[in-house]
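In: Dropping a prediction and its sequence here:
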Amino acid sequence: MKIVKPGDEHEVPRGILGGAEVSQATTGAHNIYMARFRVPAGARSRPHYHEGCESALYMLSGAITIRFGERLQESLSVEPGDMLYVPPRETHVVENVSDSEPADYVGARDSPTEDSVEVPWAEEG
């Protein structure tokens, strides 16, 4: 068993701030990844998907808009207390539409690593 204490925020590969995490790198996990994330006011991630894993999100505070689909043509609003399921390989963007409040959430995956693939062509055209 290992306890993971809150840590300094750092940018994760897709452009959101990550904090403390349970992962292969931090705890030796084999089948799970869980971390706290922060999306600063007005910020958004780069288009990306998670290659070989399912993801779930639990919204702690603030609100985000998730744009998804091959050309990010669909969207959902996620508010405190909401949970969101993201299937493998679903291209998406996480956006905080507030100009003053950060948005915080916990994300979990059935993969012990970050497993994020950027999709720069999703917003072309």
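Out: Yep, that arrived.
In: For the rest of this, base every contact and every neighbour count on C-alpha atoms.
Out: Fine.
In: distance of Arg67 from Ser75?
Out: Look at Arg67 and Ser75: by CA to CA, to the nearest Å, they are 4 Å apart.
In: Oh, that last question was meant for Ser45, not what I typed.
Out: Taken as CA to CA, the span from Ser45 to Ser75 is 14 Å.
In: okay, those two: which has more neighbours?
Out: Taking other CA atoms under 10 Å, Ser45 and Ser75 do not tie; Ser45 has more neighbours (19 against 14).
In: Could you report the pLDDT at that one?
Out: Per-residue pLDDT puts Ser45 at 90.
In: 23 is where my numbering starts, stick with that
Out: Fine by me, first position is 23 from now on; the one you just mentioned is Ser67.
In: So it sits against Val119, correct?
Out: No: in this structure, Ser67 is not within contact of Val119 by CA atoms under 8 Å, at 11.9 Å.
In: Show me what the host helix or strand of Arg89 is packed up against.
Out: Here Arg89 sits within strand 86-90, counting by DSSP states H and E. Packing partners of strand 86-90 (3 or more CA pairs under 8 Å, 6 or more residues apart in numbering; DSSP states H and E): strand 96-100, strand 114-117.
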